[in-house]
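S.K.: Sequence first, predicted coordinates after that:
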Amino acid sequence: MKGLFKPRSRTPVELVQHLRELILFALRNPSDVPKKKREDKVRFLSSLSMAELGKTLVEIRTILFGEGQSEPNAEACSQLTQEFFREDTIRILIVCIPKLDLGSRQIAARVITNLQKQKVQGRLVAPQYMESNLDLLDILLPGYADDEIALPYGLIARELICHQVVAKYVLESEHMRNFFEYIQIETFEISSDAQATFKELLTRHKSTVAEFLTNNFDWFFVEYNSKLLESKEYITRRQAVKLLGDMLLDRSNMVVMVRYVSSLDNMRIMMNLFREEKKSIQMEAFHVFKLFVANQSKPPEIIGVLIQNKNKLLRFLAGLTTEKEDEQFEADKSQVIREIATLDTRERAITDSDNEAES
């Protein structure tokens, strides 16, 4: 510990080395402290260490983000980044975050997320590092269950998911099932953060998402429908139906979309969302519902329900308007109305044609 708290100007490399020493001191096992040291002295050193750790994080943040009108120095950022990844300081900083105060937690999270974008000798080093350290997500994502660290851990997790290898790891893990619980956490800030990470996972890497949804269609949409679309919380329902629309309308998910809109149970959920008082949910539900109507291979049970509810649906759609002029919405609505209005006539024509062919 000699010189641990000695104030002097440090190079970027020395700053990271100093930070590492402080973190390791903060993470030490209490049983490793010599018995001859008095408890009050140990507490004093610990307090001093955490204060110094916070100051060091501020210095590192200044190098990465600049200060005032001054831009970050590229060479200093490169040196600092190389040292962070070389000594695996990323990992121990993540592990140490629960021990930091609120302000230092936020700074640590910003430092870690910034390092994901930094280059050393012209190339990103974070992707290669993450390939060998995917288990960091096993530390970060369960943090949603802890009010103290949920937000900084969530911020870091979202940034790491920008790496496709990380997103694939999470999508194929049990963490995906846990998100349905995290999104329902009562603390609004935490549930919203979990929703943001969930959305990032399901929209960032198109081919990886399409593969995941195809291979996990049954359990995923059972959970999605029951826990999110049919949630008691308005904001959860609204975010869920919007995300569903984004996923189904993405061309990469064409196979998934066709399968989803071939289910009568799924269409009933959208029709139930039309009953919401909030127009925002009605609008988002419409963008999914139109896919059921536009499906040229609609199952007979879906056609039957559309015909049975034709008048109600036509009245509802006629009154569904946007606050601002939206030509695309109006065109989509007109098409859906025409499709529903002519269903009964077309079905009779098809039936008559089939009967004539049989005779």
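M.R.: Now that the structure is in, tell me what you want to look at.
S.K.: can you tell me which residues contact Thr322?
M.R.: 283, 329 (CB atoms under 8 Å, 6 or more residues apart in numbering). In this view, the C-beta of every residue, glycine as well, is placed from N, C-alpha and C.
S.K.: where does it land in three-state SS?
M.R.: Secondary structure, DSSP: H, G, I helix; E, B strand; the rest coil: Thr322 is coil.
S.K.: Quickly note the distance from it to Ala341.
M.R.: 21 Å (CB to CB, to the nearest Å).
S.K.: What of Thr113?
M.R.: Distance from Thr113 to Ala341, by CB to CB: 52 Å.
S.K.: again, but for Ala194
M.R.: 42 Å.
S.K.: more crowded one of these two?
M.R.: Shown here are Ala194 and Ala341; by other CB atoms under 10 Å, Ala194 has more neighbours (24 against 14).
S.K.: Nearest residue to the more buried one in space, please, no chain neighbours.
M.R.: Tyr182 (3.8 Å; CB to CB, 6 or more residues apart in numbering).
S.K.: Is the one you found in contact with Gly143, as I believe?
M.R.: No - at 9.7 Å, Tyr182 does not count as touching Gly143 under the criterion of CB atoms under 8 Å.
S.K.: And the residue nearest to Ala194, how far from Pro142?
M.R.: 9 Å.
S.K.: okay, the two: which has more neighbours?
M.R.: Taking other CB under 10 Å, Tyr182 and Pro142 do not tie; Tyr182 has more neighbours (22 against 15).
S.K.: could you list every residue that touches that one?
M.R.: 144-145, 190-191, 194, 198.
S.K.: cutoff 10 Å now
M.R.: 141-145, 150, 154, 175, 190-191, 193-195, 197-198 (CB atoms under 10 Å, 6 or more residues apart in numbering).
S.K.: Buried subset of the residues you listed, written for PyMOL?
M.R.: Selecting only the buried entries of the contacts of Tyr182 in PyMOL, with 16 or more other CB atoms under 10 Å as the criterion:
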select buried, resi 141+143+144+150+154+175+190+191+193+194+195+197+198
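S.K.: count of residues packed around the nearest residue to Glu148 once chain neighbours are set aside?
M.R.: When the adjacent residues along the chain are set aside, Glu148 lies closest to Pro98, with 6.5 Å between them (CB to CB, 6+ apart). When neighbours are defined as other CB under 10 Å, Pro98 has 13 of them.
S.K.: for the strand or helix carrying Cys96, packing partners?
M.R.: Here Cys96 sits within helix 89-96, counting by DSSP states H and E. Packed against helix 89-96 by the contact rule (3 or more CB pairs under 10 Å, 6 or more residues apart in numbering; DSSP states H and E) you find helix 12-26, helix 39-65, helix 74-86, helix 102-115, helix 126-131, helix 136-140, helix 150-160.
S.K.: just those: most buried one?
M.R.: helix 150-160 (a mean of 23; mean count of other CB atoms under 10 Å).
S.K.: Would you pull up how far that one lies from the middle of the chain?
M.R.: 9 Å (CA atoms, centre = their mean, to the nearest Å).
S.K.: Grab the most central residue of this protein for me.
M.R.: Thr197 (1.5 Å; CA atoms, centre = their mean).
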